[in-house]
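Colleague: quick one, what's the 3D model for this:
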Amino acid sequence: MTSQAVLLTIGFLLVLSAATYMNYEHNVSTIDHGFTADFASFIKSFDTKYDFIRSDITWSTYGGAETRPTSAPSKYPIVFIHGNSDIGVGNGGTVGWQTGFTTLIEYLQNYGGYTKADLYVTTWGPANPNLASQNGHSEKYVMTTRRFIEGVLAYTKASKVIVIGHSMGVTLARAAIIGGTYSESMLTKFTVGNPITNSVAAFFGLAGANYGLVDCTYATGLPTCSTYNGFSPSSQMLSALNSQTHREGGKVYSFWSPNDDIIKYNCIVNQKNTCIVPGSDESYQQNGYTHFDVRDKFGADILRLLQKL
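Modeller: Numbers count the residues shown, from 1 in each chain. Alright, predicted model coming up:
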């Protein structure tokens with residue numbers, strides 16, 4: 001297989017149409033996008049190293065109260081971690097699928113009584129489908145995820161949060177929560193820190209690639225397929241994460257489809273279901289769902305589980 005053919009078959013590149021990347025600044029979703037002024041002020045000062053506010057695409061974030069809470073909330077706040085080249089929230093841009101957690105957020109607000117003060121998401125990557133092959137589990141992306149979770153905990157004064165990840169957001173969040181030290185290359189390592197498992201009431205993994213991607217077997221030179229911190233089935237980072245069973249939270253749930261058009265191959269990688277987080281308490285399968293259907297259409301099941309916590 002030529003390198004050009006590999007590039008065309010890598011599912012996680014997420015280039016699902018011929019549309020060229022553009023600035024989506026004027027194609028925003030219908031929800032009240034962006035952070036509240038109060039949360040924006042807090043998170044900006046919480047850790048100045050990371051641009052949680054996304055000064056380039058501020059509408060792709062969501063969450064916050066009008067004034068900083070003075071006591072713990074009645075519900076566990078939810079932190080969403082989006083997938084490769086997706087955004088936190090949006091209306092699809094020119095590629096259709098680039099909506100982030102808009103649908104799930106709307107469902108939880110309409111049917112679960114959640115408000116903007118309960119739901120938090122930032123955009124961790126370049127939000128550019130043409131750069132998907134360049135996105136591995138880098139120190140920047142893992143630590144952006146880790147510090148955002150910790151920032152939400154500090155802002156809301158909650159004892160624990162819920163973390164919901166989709167696609168690459170599943171494995172990014174797992175690394176952020178489990179902690180540890182990982183390699184970005186033969187010469188470069190980074191340390192996340194100690195586990196924050198006890199601060200996560202439940203972890204929801206939606207269409208993740210926990211054991212890597214079959215297509216990445218042939219493209220390990222791409223950052224997203226790296227054998228160090230990418231989706232190669234022999235990825236050192238994924239192997240380390242999968243040895244830490246049930247460290248993502250008090251409860252661990254997986255949602256997947258054997259018809260996932262990005263992960264493909266019925267989600268099987270080396271005879272293991274890559275879409276199921278190892279050690280999950282429960283997993284939910286829906287035949288016929290696409291990769292982005294798994295992100296958008298499990299709202300009723302997710303809400304039912306949330307109401308049990």
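
Colleague: tell me how far the lengthiest helix in the chain lies from the chain's centre.
Modeller: Taking DSSP state H as the assignment, the helix of the chain that covers the most residues is helix 139-156. Relative to the centre of its chain, helix 139-156 is centred 12 Å away, using Cα atoms, centre = their mean, to the nearest Å.

Colleague: likewise for stretch 147-162?
Modeller: On Cα atoms, centre = their mean, the centre of stretch 147-162 falls 16 Å from that of its chain.

Colleague: thinking again about what came up before, for the helix or strand that the longest helix of the chain is followed by, which strands pair with it and how are they oriented?
Modeller: For helix 139-156, the succeeding helix or strand toward the C-terminus, using DSSP states H and E, is strand 161-166. Using DSSP bridges, strand 161-166 pairs in its sheet with strand 78-81 (parallel), strand 200-206 (parallel).

Colleague: most packed of these?
Modeller: strand 78-81 (a mean of 28; mean count of other Cβ atoms under 10 Å). No exception for glycine: its C-beta is placed from N, CA and C like everyone else's.

Colleague: what is the rounded mean pLDDT of that strand?
Modeller: Average pLDDT, strand 78-81: 98.

Colleague: render the CA-only coordinates of the helix or strand following that strand in PDB, please.
Modeller: Per DSSP H and E, the first helix or strand lying C-terminal to strand 78-81 is strand 89-92. Taking Å, rounded to 0.1, in the frame of the first residue of the first chain, the C-alpha atoms of strand 89-92 are listed here in PDB:
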ATOM      1  CA  VAL A  89     -20.100  23.200  19.900                       C
ATOM      2  CA  GLY A  90     -21.100  24.300  16.400                       C
ATOM      3  CA  ASN A  91     -23.500  23.900  13.500                       C
ATOM      4  CA  GLY A  92     -21.300  21.800  11.200                       C
END
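
Colleague: what's near enough to touch the nearest residue to Ile87 once chain neighbours are set aside?
Modeller: Among residues not flanking Ile87 along the chain, Ser60 sits closest, at 4.1 Å (Cβ to Cβ, 6 or more residues apart in numbering). Going by Cβ atoms under 8 Å, 6 or more residues apart in numbering, Ser60 touches 24, 33, 54, 87-90, 100, 122-123, 127.

Colleague: now do the same for Asp51: helix, strand or coil?
Modeller: The three-state label given to Asp51 by DSSP: H, G, I helix; E, B strand; the rest coil is coil.

Colleague: now do it: how many residues are near it, please.
Modeller: Asp51 has 13 neighbours, counted by other Cβ atoms under 10 Å.

Colleague: before we move on, back to that, so for the longest helix of the chain, what gets flagged as buried?
Modeller: 141-153, 155-156 (16 or more other Cβ atoms under 10 Å).

Colleague: is the nearest residue to Ile78 once chain neighbours are set aside bridged to anything, and to what?
Modeller: Leaving aside its chain neighbours, Ile78 sits nearest to Ile162 (4.5 Å; criterion: Cβ to Cβ, 6+ apart). Assessed by DSSP bridges, Ile162 has beta-bridge partners Ile78, Ala202.
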